[in-house]
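A.B. asks: Fold the stuff below for me.
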Amino acid sequence: CQPTVILRYLRLTVWPDQLVLDYGWRPRTILPDAAVDVVIVAVMLGLSLWGWWRRHPLGYAAAMFWLLLAPTSSVVPVADLAMEHRMYLALAPVLAGVAGAASWLAGKHQRAAMAIALLVAAALTGRTMARVLDYRDEVSMWSSVARASPNHARAWASLGSAQFEAGRVAASIAPFEQALALSPRLVGARRNLAVALMTLGEDEQARRQLLMVVRMTPDDALALRLLGELAFRGRDVDGAEAWLARSLERMPRQANVLDMLARIAAFRGDWDQARMRLEEAMKADPDRSATVETLTIVAKRMAKAGQAVAAAAWLDAVIAQLVSRHAPQRDIELLNQTRDTLAR
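C.D. replies: You can find the predicted model right below:
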């Protein structure tokens, strides 16, 4: 299959009309044309060896091209058949050969060579300007990849992620669904689709997607955590705790999971468990401001439950720890404000 890839690289060297960041080619997608391409590349390789043997300058350039491209485009197995960056170094001898041919033409027909050079420069400048537009943001880039490779699931999944990161949550749904239609076992895309649905408030649809993820990969700690979040949002405290505990088993020291487990313990009035979970969360991620916010919520609930003195003492101890390790001042001020409120 690599002969097809090599011919693609060489064609783009002549006229880069459709550059693609991620082809997603698989052997089965290009086998029908492989026989013809193998013959063409074999002839080219034979001519290159003949030129090298005859010590022709172009023969040396061609031999260097094959040598530089061999590690990624030969019989060596690679995960992705085509990646344009593999051609960057191998492009040098090709351009050297073109420069040599241009120099020869300029010596014979100077005006014609100058006219051709200007036309080529103008055309390539136009293509460069068009390609730059693809790089203006991730959505544009992955949109161009999806257009060029519409059957490439990873391209659609990446487009969905780019849309989500750009704040276009609703627009991310369709690319994620297209990716899953092409590759139903693409776990990352299914999980990201669930996150987008959760953001839009479509909790039941998100839950269905996450359950499918867990069926495919039972140890997916992130999917388990998200199922816990959904259960907690739905007031299913027992279910939330079960999902979160499973997530923590698969991936210990998740500060956000420990944070939610602390909220659940506080909801049940188990203050010792809540404090233990929050202390673990602060050890897992000492600079996580969200844990400090949860800590103030738990302290206020303790005070309402008649544990104001214990809550104030706990806050004093936490404040001392934060001061000793130079934690963000905003976190220390928030705890001090809460401590003053409890004192009143």
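
A.B. asks: and Phe71, which of the three is it?
C.D. replies: One correction, residue 71 is Pro, not Phe. At Pro71 the chain is in coil, as set by DSSP: H, G, I helix; E, B strand; the rest coil.

A.B. asks: Which residues are in contact with Val214?
C.D. replies: Shown in contact with Val214 (CB atoms under 8 Å, 6 or more residues apart in numbering): Asp220, Ala223, Leu224, Leu227. Heads up, the C-betas are built off the backbone N, CA and C, glycines and all.

A.B. asks: Just the pLDDT at the second one, thanks.
C.D. replies: It refers to Ala223. pLDDT, Ala223: 97.

A.B. asks: what's the answer for the first one, then?
C.D. replies: Residue-level confidence at Asp220 comes out at 96, pLDDT.

A.B. asks: roughly how far apart are it and Ser183?
C.D. replies: 17 Å (CB to CB, to the nearest Å).

A.B. asks: Which one's more surrounded, the two?
C.D. replies: Using other CB atoms under 10 Å as the criterion, Asp220 and Ser183 rank with Asp220 on top: 22 against 18.

A.B. asks: can you give me phi and psi for that one?
C.D. replies: Note on Asp220: backbone dihedrals following degrees, to the nearest 10 are phi -70, psi 100.

A.B. asks: List the residues that contact the closest residue to it other than its chain neighbours.
C.D. replies: Nearest non-adjacent residue to Asp220, counting by CB to CB, 6 or more residues apart in numbering: Val213, 5.5 Å away. Shown in contact with Val213 (CB under 8 Å, 6+ apart): Val187, Arg190, Arg191, Ala194, Asp220, Ala223.

A.B. asks: if you set the cut-off to 10 Å instead, what comes out?
C.D. replies: Counting by CB atoms under 10 Å, 6 or more residues apart in numbering, Val213 touches 185, 187-191, 193-194, 220, 222-224, 226-227.

A.B. asks: May I see the buried residues of stretch 95-108?
C.D. replies: Applying a neighbour-count criterion of 16 or more other CB atoms under 10 Å, one finds Ala96, Gly97 buried in stretch 95-108.

A.B. asks: Roughly how far does Met64 sit from Trp50?
C.D. replies: 15 Å.

A.B. asks: do Leu258 as well
C.D. replies: 69 Å.

A.B. asks: quick revisit: may I ask which of the contacts of Val214 has the most neighbours?
C.D. replies: Ranking the contacts of Val214 using other CB under 10 Å puts Ala223 first, with 28 neighbours.

A.B. asks: ok, it touching Leu193?
C.D. replies: No. Using CB atoms under 10 Å, Ala223 makes no contact with Leu193, being 11.5 Å away.

A.B. asks: Quickly list what's touching both of those two.
C.D. replies: Gln209, Leu210, Met212, Val213.

A.B. asks: Could you dump those residues into a markdown table and include pLDDT?
C.D. replies: Below are these laid out as a markdown table (pLDDT from 0 to 100):
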| residue | pLDDT |
| --- | --- |
| Gln209 | 97 |
| Leu210 | 97 |
| Met212 | 97 |
| Val213 | 97 |
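
A.B. asks: what about burial for those, which qualify?
C.D. replies: Buried among the shared contacts of Ala223 and Leu193 (16+ other CB under 10 Å): Gln209, Leu210, Met212, Val213.

A.B. asks: now those in CSV, with secondary structure and distance to Ala310?
C.D. replies: Formatted as CSV, these follow (DSSP: H, G, I helix; E, B strand; the rest coil; distance: CB to CB, whole Å):
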residue, secondary structure, distance to Ala310
Gln209, helix, 42
Leu210, helix, 38
Met212, helix, 44
Val213, helix, 41
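
A.B. asks: Of the residues you listed, which is the nearest to Trp243?
C.D. replies: Leu210 (9.3 Å; CB to CB).

A.B. asks: Let me see the contact set for that closest one.
C.D. replies: Leu210 makes contacts with 190-191, 193-195, 197-198, 220, 222-230, 243, as judged by CB under 10 Å, 6+ apart.

A.B. asks: let's go with 6 Å and repeat that
C.D. replies: Ala194, Ala223, Leu226, Leu227 (CB atoms under 6 Å, 6 or more residues apart in numbering).

A.B. asks: what helices or strands is the helix or strand where Met114 lies leaning on?
C.D. replies: In this structure, Met114 sits in helix 110-134 according to DSSP states H and E. With contacts defined as 3 or more CB pairs under 6 Å, 6 or more residues apart in numbering; DSSP states H and E, the packing partners of helix 110-134 are helix 138-148.
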